[in-house]
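Chemist: Got a predicted structure plus its sequence, pasted below:
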Amino acid sequence: MKAPLYQLKAEFFKTLGHPARIRVLELLSERDHAVSEMLPEVGIEPAHLSQQLAVLRRAGLVVSRKEGSSVIYSLTSPRVAELLHVARAILTGVLSGQAELLDDLRAAGEPAEPARKYR
């Protein structure tokens, strides 16, 4: 029995649900990177980066190749970079809307919620 498409999509987005994996994909959207180049940019331990890269490989989002003693990673499709770009645009719009709402509330002179004293 085949999994429904919405379930496959949910699994796909779960794969993207880790900050280190998003950062790796952002870096690879710019160009191919060696693991050693990604380490300082992602800011996690080498073993943890290796685990995150393995998740991305299993999901089919990245591929690796050996060049001398280095392992170089690249995106499997430019569509991954497009997805990150679209996500950024959506997030920018959402945050912009929230900032406008906050500005409107401040302009309306709404009093701040009084501080509560807890004992």
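Modeler: Good, I have the coordinates. Residues are numbered from 1 along each chain as shown.
Chemist: From the centroid of this structure, which residue is nearest?
Modeler: Geometric centre of the chain, nearest residue: residue 22, 2.6 Å, by C-alpha atoms, centre = their mean.
Chemist: Leaving out sequence neighbours, find the closest residue to it.
Modeler: Take residue 22 and drop its neighbours on the chain: the residue closest to it by C-beta to C-beta, 6 or more residues apart in numbering is residue 16, 6.4 Å away. For every residue, glycine as well, the C-beta is placed using N, CA and C.
Chemist: what does the model give the one you found for pLDDT?
Modeler: Residue 16 is assigned a predicted lDDT (pLDDT) of 95.
Chemist: pretty sure residue 28 contacts residue 64?
Modeler: No: counting by C-beta atoms under 8 Å, residue 28 does not reach residue 64; the two are 10.7 Å apart.
Chemist: more neighbours, these two?
Modeler: Remark: of residue 28 and residue 64, residue 28 carries more neighbours, 23 against 15, as counted by other C-beta atoms under 10 Å.
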